[in-house]
Structures are given as C-alpha cells and as structure tokens.
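*Asks:* Give me coordinates for this.
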Amino acid sequence: MSFLDLSTSLSLSKTKAFSPFPPFPPNSSSPTTFSLCSPISFPLTATSTSTATAPSHHLRLRLRLGHHQNLVCRHSQLSGAEEFEEEEEFLNETEFNEESDADKSVDVELLEREAKLAVKEFSDALSRQLIIDDETAGQKETRMKRERHKNTAKNIPDHLLPSVTIVGRPNVGKSALFNRLVGGNKAIVVDEPGVTRDRLYGRSFWGDYEFMVVDTGGVVTISKSQDYVMEELAISTTIGMEGIPLASREAAVARMPSMIERQATFAVEESSVILFLVDGQAGLTAADVEIGDWLRKKFSHKCIILAVNKCESPRKGVMQASEFWSLGFSPIPISAISGTGTGELLDLICSGLEKAEDCDDVESNEDFVPAIAIVGRPNVGKSSILNALVGEDRAIVSPISGTTRDAIDTEFSGPDGQKFRLIDTAGIRRRAAVASSGSTTEALSVNRAFRAIRCSDIVALVIEAMACITEQDFKIAERIEREGKGCLIVVNKWDTIPNKNQQTATYYEQDVRDKLRLLTWAPIVYSTAISGHSVDKIIVAAGMVEKERNRRLTTSILNQLVQEAVAFKSPPRTRGGKRGRVYYCTQAAVRPPTFVFFVNDAKLFPETYRRYMEKQLRSGVGFAGTPIRLLWRSRRKMEKDDRRAAATKMVHENYTALDRKLAVSG
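*Replies:* The predicted model follows:
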C-alpha cells in the first residue's frame, strides 16, 4: 500500500468512534492490564473487539512507521530544530497523540526533580501573595549578618545564655534599644507610652559574647491617680470592652501598672546585667530617681549600667548625660535610633558577662524546635493558655482588650520531653475595625500576629465556647490554610457551657466543622485555661500534628492509593471526548505534605476531582491536623519543553561543528 492509500484509509477511519485507550488486538477476549506508566497500572476489562477496529489499529502503526521512515529519509536535509517542528506539527494533526504519550517510558529521577521544582515554584508564588511586611535594606543586612554569625556560633540553648534586662520608666526608648541590640524589628516601637507590657526575649551577640536581651514594660513606681496611670500607659476603657462592666474595667486598669512592674521584676531577678535606660531629652524625672533607688537597694550585687538615650549629637550628649550623675551611676550617652554610642555600651555590657561555653550535653537534634502560635480574636484566653502551659505568669492576663501587643516567645517541654516554642499573639480584629480605631499600635500588633503564623509550624486557633464563630474566625482559618501550617482548634472557657452532657461536644464539633469548613482536618481540644483543665491536651494534640506534618509516604504506596482512587472514579470527559490520565505521583515535600501529580493535561482535572483526590488521600493515609498540597503537572508540556531544549542544543552543536570545520579549512 502506498503512502497516499494509507492517508486515504486514515481519513475513512476518522468517522469511527475514537477510544481513549489503544484498542486490543483481534481475538482478545480476556481482561488485560494496560500499563500507562510505571509504577501505576490500571486494570481495564475489555470484550472482544469487532473486526472494524483492527484495521484502524494496524493503520495507526503503519502510519507511525511511514512517518518515521520519512523523517529518516529527510534527516540529511533538515536541521534539528526544523525536524522537531515538523514532528510536533504532524502529531498535533493526528488523533492518537494521547496514545503516544501513554506509550512512552517514565524517567523517575527526572520526574522527582521536576516535582521539587514544582514545589519551589508554588512556594515562591504563595509567598508573593502573602507578603506581610516588606523588610528595609538595613533590616535585610542585619538579618544576613545574623545568619553568618549563626553559622559560626556555638550551639547554646537560650536558657543557658546570660541575660541583659532593659528597665526604665515608660516611653524612654527601651523597645527601640531592644531592636537595635537583637538586630531586627521584633518589638513594636511607637511614639506613645505603655506599648510594651510583657517580657520580650531576643538573642544578641557582640564579638565572642552571646547573650539574651530582655525588653520590659515601663515601670510606674510612684503612687499616682488612676487617670494619670491611664494616660501614662495609654490604656483605654472603652475600645473592645463594651461587654465588661465599668467596675471591672476600672479594677483592671488599676491592676495594670502592678502587672507590668511584676513582669519587669521577674526579668531583673534572672538577669546578669541590668541596663537602666533614661531619656536625655526629657531630663531627670522623679520616676528615674525612684527606679534608681529601687535598683540600688535590691540589686546592688548585679552589674547596673546607666544609659542615657536620645543623645543623637555627640557634643550635646555629654551635656545631657551629665545631669544623671546624681543617680549614683556612670551615665553613657547613646541613641537607639541612630546607633550612636551603642558600641561602647556593648563593650561595657560584655565586661559584666561571663562568656557562655558550648555544653557537651546539648544534643545536635535540638536545632529544630516546633513553634506553636496561639492566635484568635481578642479576649478569648490566649495569654491564659500560655500561662497555664508554662506554669507561671509569663504574660499579663486582663479583661482589657489588646493587653498583649508583641508576639511573646517561650520555650516549653511537653510531657514526653519534646520541646516547643510557644508564641502568644495579640487579638486579631477585623481590618475595618482596626482602621476605624486609628490605633497604630493595634495595627502593628495584628501585623505581628500574622507574622507569627508565618514563622510558626503549628497554629492553635482559640475560640470562646459561648461566643459564636464569626467571619473573622473564618478569615484567620483561611490564612492558616493558605500558609500551609498545622492547626488545632482550641475551644476555651468550656466550663461556661451550661447543662453539658455526652452529646454536647458532638453537637458543638459539628457546628465548628460546618462554620470552619476549611479546617475539617484539624483536631478540636476543649479546655478551661483559668483552672488549667485539659490544657495539657493541647500539647498532646500539637505533638500529633507535628508528626503528621513530617510524615512521608513511599512512592509505591502513594501510587497504589492513586490507582485505586482513579479506578473507583475516573476523571470526567470533556465535550471533545478527552479524559485526564495520571501517569505518576510522588510526595515532593513535607511541612506541609506536598504531592505532585504528573498527568497528560492538568486542565482535564477540574477542581471537584482534585478535592476528591485529596479526600481519598486523607481517608487512606490520614494526615490529620495538617493541610496537604496537590500540585498537577502536565507531562505533555514538560516533554515539549524538553524537546525544544534538545533541539536548540542540537542547533548550537551544529553551528559549533561548522565553525570548527571552517577554522580547519581556513
């Protein structure tokens, strides 16, 4: 048969029904296993084919053979790029290009590399969408310096490092100096008093010395009226406190200064060096005198350094610092904003520290400590949960809305000895409510909360038992899922539910699942933080979630699950009769578990089928408490890109060989 007759037969065969799988040979009546690619094999049961399908099968084989012979004959007349373009055009004009994809062998190593590349592309795209706060050039430079120091630093846990505590009255620049020493933007710095309330810890170094810096709230030691205290600490009794009686508001405001001073006292008692900070522009005040007397009487055995802040000018700084000689300490003029005098200050700090040595009993596997961010709306009990887990008053607990402002880091060891880093965050209100309040501090606090979610491994979403789940809770859950963090839902204040019975938790869980449908995979823990009831279950659930986030499936088990899922429910057909095919699947990453599906065309898999595949994976292998990522890669597009690259490389090689021949002949 000539090539013209062959083409005529092909045009006649186009009127017949087209099967997505290559037809079986004649006289085939037994069930056959058709291998799409290794290692997935889909069992297909076929009956005896009619005699009409056999010529079509042979025509296709002969057509391929004829096309291959034509390419061989014309190989001497075509370059590599032209041959590639002609072959691609021919395959696009025929109807069996899908079968040709199925017949090709699979390079597992190549697909594994492609899967890792797909995960990296997805992570980069997601990071661009979820930008929280852009770093300035100076902050990036500081971070790079700390990374270089981290590579050469000794492996010393935070609790074994000496600590330096910064104390002083409100609004003297303690948080600004803290950020300067630790290198970053960890503490909120706003030109208003009473921003910092809890203790903040940060790791710092100077030369061969490494130490912890502790930021504290402003100490108000003089007896003052309640109105003055509210003005001094910028405390409001109206915003976010509508449901609290006026007497409770006033009592909470009255207790706030003593709570802040208690946090500062804890930090001073455990420190090796006390950094007493005063304001050089405001001059000496009665509060500075009283704090100085308090330090001399109770902590005279410690190294106390007096730093006069806001002395940007070196000449005026000496004159400004001379006023503070009456406190009984040697004043050092510095500027936390510009960095003036901080080098001399660090030299003086290191002279009062003992150099920390690397401990032999520190294991190398302590490098990774999972971080648990405690997030939720205001006044749901986040700080109470932190205090109940740690076993001390690590954070201030008050009915005043917005008591917690900075993200508070605390290391904690679970019942099984596993270490976690707990991060208490500020309450996250709606963006419109934050904007209408006009509070820069609250806006920065919410920004810190979102940053804590990004830096964490597990997020404990706290909701109040008697409060309804709001739209804001759903938005926080949406953020957690998009960030790919492990999650557990903590229903706090469970004791406030009246008339509880055995079915109460079941009905409540069903309501939570319906309203937070994005977190159907997250475990739910019921607790009462004030009394400490069932708080330990939070750490147990967090440990389980961390194990699930790090779990990796073998390729054989994974492909078997995918094979069963596709056999149970095949991808839907398009109007043109095309159907999606899964060639290979692999787990390319953990934290969160990420699976890459290599298919013939990703567009043939609608969102409903992708959710079905995710549900089948969860029902088959679990992954409770962690989101899973399913990435779909079109194999045809990959092969076209590879062939284009190979053709371009062939053209370059031909040009190189031609240049060499010309050079030899010349």
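
*Asks:* where does the stretch 151-300 of the chain have low pLDDT?
*Replies:* 151-155, 157-159, 186-198, 220-259 (pLDDT under 70).

*Asks:* Tell me where the stretch 251-400 of the chain has strands.
*Replies:* Secondary structure of the stretch 251-400 of the chain (DSSP state E, counting those that start in this stretch): strands located at 273-279, 303-309, 331-333, 371-376.

*Asks:* mind listing what's buried in the first one?
*Replies:* Judged by neighbour count using 16 or more other C-beta atoms under 10 Å, the buried positions of strand 273-279 are 273, 274, 275, 276, 277, 278, 279. (Glycine included, C-beta is placed from N, CA and C.)

*Asks:* between it and strand 303-309, how big is the angle?
*Replies:* In terms of direction (axes from the mean of the first three to the mean of the last three C-alpha atoms, to 10 degrees), strand 273-279 departs from strand 303-309 by 20 degrees.

*Asks:* Residues in contact with strand 273-279: which ones?
*Replies:* With contacts defined as C-beta atoms under 8 Å, 6 or more residues apart in numbering, strand 273-279 is touched by 162-169, 171-174, 177, 268, 284-285, 288, 291-292, 295, 299, 302-310, 324, 327, 329, 331, 345, 349, 352-353.

*Asks:* can you tell me which of the residues you listed are in helices?
*Replies:* Among the contacts of strand 273-279, the members found in helices (DSSP state H) are 174, 177, 268, 288, 291, 292, 295, 345, 349.

*Asks:* Tell me the one of these nearest residue 544?
*Replies:* Proximity of the ones in helices among the contacts of strand 273-279 to residue 544 (C-beta to C-beta) peaks at residue 268, which lies at 38.8 Å.

*Asks:* I figured the closest one hits residue 164, correct?
*Replies:* No. With contacts counted by C-beta atoms under 8 Å, residue 268 stays clear of residue 164, the gap being 10.6 Å.

*Asks:* Quick check: the farthest pair among the ones in helices among the contacts of strand 273-279?
*Replies:* 288 and 349 (20.1 Å).

*Asks:* Buried residues of stretch 581-595, list them for me.
*Replies:* Using 16+ other C-beta under 10 Å as the test for burial, stretch 581-595 gives 581-589, 592-595.

*Asks:* could these be laid out in CSV, adding distance to residue 413 and secondary structure?
*Replies:* Shown next, in CSV, are those (distance: C-beta to C-beta, whole Å; DSSP: H, G, I helix; E, B strand; the rest coil):
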residue, distance to residue 413, secondary structure
581, 50, coil
582, 44, strand
583, 46, strand
584, 42, strand
585, 38, strand
586, 36, strand
587, 30, strand
588, 32, strand
589, 28, strand
592, 25, coil
593, 26, coil
594, 30, strand
595, 33, strand
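
*Asks:* Nearest to residue 411, out of those residues: which one, please.
*Replies:* Lowest distance from residue 411 to those (C-beta to C-beta) belongs to residue 592, with 23.8 Å.

*Asks:* ok, that closest one touching residue 486?
*Replies:* Yes. Counting by C-beta under 8 Å, residue 486 is a contact partner of residue 592 at 7.4 Å.

*Asks:* overlap in contacts of these two?
*Replies:* Between them, residue 592 and residue 486 share these contacting residues under C-beta under 8 Å, 6+ apart: 549, 626, 627.

*Asks:* Thought residue 481 was touching the last one, still the case?
*Replies:* Yes. Taking contact to mean C-beta under 8 Å, the distance of 5.4 Å between residue 627 and residue 481 places them in contact.

*Asks:* So between those two, which is more surrounded?
*Replies:* residue 627 (22 against 18; other C-beta atoms under 10 Å).

*Asks:* for the more buried one, helix, strand, or coil?
*Replies:* coil (DSSP: H, G, I helix; E, B strand; the rest coil).

*Asks:* Same question for residue 110.
*Replies:* Three-state assignment for residue 110 (three-state DSSP): helix.

*Asks:* what about it, how many neighbours?
*Replies:* For residue 110, using other C-beta under 10 Å, the count is 11.

*Asks:* I'd like the distance between it and residue 634.
*Replies:* As judged by C-beta to C-beta, to the nearest Å, residue 110 and residue 634 stand 15 Å apart.

*Asks:* What of residue 535?
*Replies:* 49 Å.

*Asks:* of the two, who's got more company?
*Replies:* residue 535 (21 against 17).

*Asks:* Setting aside sequence neighbours, what's the nearest residue to the more buried one?
*Replies:* Leaving aside its sequence neighbours, residue 535 sits nearest to residue 388 (C-beta to C-beta, 6 or more residues apart in numbering; 4.4 Å).

*Asks:* and the contacts of strand 273-279, which are buried?
*Replies:* 162-169, 171-174, 177, 268, 284, 288, 291-292, 295, 299, 303-310, 324, 327, 329, 331, 345, 349, 353.

*Asks:* Surely residue 531 is in contact with residue 494?
*Replies:* No. Between residue 531 and residue 494 there is no contact under C-beta under 8 Å: 10.1 Å.

*Asks:* of these two, who's got more company?
*Replies:* A side-by-side neighbour count of residue 531 and residue 494, using other C-beta under 10 Å, places residue 494 first with 21 against 11.

*Asks:* Contact partners for that one?
*Replies:* With contacts taken as C-beta under 8 Å, 6+ apart, residue 494 has the following neighbours: 465, 526, 527, 528, 533, 534.

*Asks:* follow-up on the earlier one: any common contacting residues for residue 627 and residue 481?
*Replies:* Taking C-beta under 8 Å, 6+ apart as the criterion, residue 627 and residue 481 both touch residue 487.

*Asks:* Could you report the neighbour count for residue 117?
*Replies:* 13.

*Asks:* how about it, secondary structure?
*Replies:* Residue 117 is classified as helix under three-state DSSP.
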